[in-house]
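Visitor: take a look and give me a structure for this.
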Amino acid sequence: MNQKFSVNAKLKGLSIFRLGIKIVPVTLILVLLVQNLTGQVVINEILANNKTIIKSNTGKYSDWIELYNKGTESVSIAGWMISDNPENPSRYAIPSDSPDSMVIAPHGFLLLWADGNTSAGIRHLPFKLSKKGEFLGIYTLVEGKMVCLDSIRYKGMKQDISFGRKPDGGKNWVDFKKPTPGTKNL
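Guide: Modelled structure (predicted):
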C-alpha cells in the first residue's frame, strides 16, 4: 500500500511538473511585464483643491495629477487608462493619437489636468478630483486583462496643499505645503 501511494505521488508530481512547464513561461512573462510597467510610472503627487499654485493652458487653476517615471527608460502612457472610480478603471483612455506628448523620460514627470475639459488638450481629463477625497488609479491592458499599475485613495485636501510621495516614486505619502507640480518633491 505504501508503494502504491508513493507511485501515485510521483505521478501527480510529474503531472504538475509537466503542466507547470506549459503555464510558467506565459505566467512569468506576464508577471515580468506587469512588474516592469508597475515599477516605472507611478502617481507621484496630486492636488484636488488648486486655487493659486499653477494654471493649466486654459488659464485656470485646475486640479492636477503628477505622474513620475522612476525607471531608467522612457515610457509612453498613450493608451493607458486613468480613473477616479475603481469599479470603472477604463473611465478615460489616455489618447494615443499624439503618443510623443505622453512620453515620460527616465526620472521625469508628466502633469495631467483633472478639470473635466478634454477639449483643452491631450493632458486634460474628463473628471475633476474631489477635495473631500477619493480613489485615483492608472491602468493598462496586459493580454486583454485590465491591470492596475498604481492607485491611491486620498483623504480630504486643504486649499493649495498637495499630497505626494516623498521621495519621488517612494512609498511614503505626505502633505506638501509647497506643492511641486512637474518637479522634484521637496
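
Visitor: strands of the protein, start to end?
Guide: For the chain, the strands defined by DSSP state E cover 41-47, 63-69, 75-76, 81-83, 92-93, 103-104, 109-114, 133-142, 145-155, 162-165, 173-176.

Visitor: let me see the residues that make contact with stretch 79-86.
Guide: For stretch 79-86, the external contacting residues (Cβ atoms under 8 Å, 6 or more residues apart in numbering) are 65, 89-94, 96, 112, 114, 125, 127, 129-130, 134-140, 146, 149, 151. C-beta coordinates here come from the backbone N, C-alpha and C atoms, glycine included.

Visitor: same question for stretch 50-65.
Guide: So stretch 50-65 is contacted by 43, 45-49, 82, 111-115, 117, 120-121, 124-125, 128-129, 136, 159-160, 162, 179, 181 (Cβ under 8 Å, 6+ apart).

Visitor: what pLDDT does the model give Ile65?
Guide: With respect to pLDDT, Ile65 has a value of 98.

Visitor: filter the contacts of stretch 79-86 down to the buried ones, PyMOL style.
Guide: Command for PyMOL, covering only those of the contacts of stretch 79-86 found buried under the criterion 16 or more other Cβ atoms under 10 Å:
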select buried, resi 65+89+91+92+94+112+114+125+127+129+130+134+136+137+138+139+140+149
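
Visitor: what about the chain, any weak spots by pLDDT?
Guide: Counting by pLDDT under 70, the chain has low-confidence residues at 1-39, 99.

Visitor: recalculate using a threshold of 80.
Guide: For the chain, applying pLDDT under 80 flags the ranges 1-39, 98-100.

Visitor: buried sites along stretch 154-172?
Guide: 154, 157, 160, 162-166, 168-169.

Visitor: the residues you listed: which two are farthest apart?
Guide: Asp160 and Gly169 (23.2 Å; Cβ to Cβ).

Visitor: skipping adjacent residues, who's closest to Ser151 in space?
Guide: Residue nearest to Ser151 in three dimensions, not counting chain neighbours: Gly137, with 3.6 Å by Cβ to Cβ, 6 or more residues apart in numbering.

Visitor: pretty sure that neighbour sits against Pro89.
Guide: Yes - at 6.3 Å, Gly137 counts as touching Pro89 under the criterion of Cβ atoms under 8 Å.
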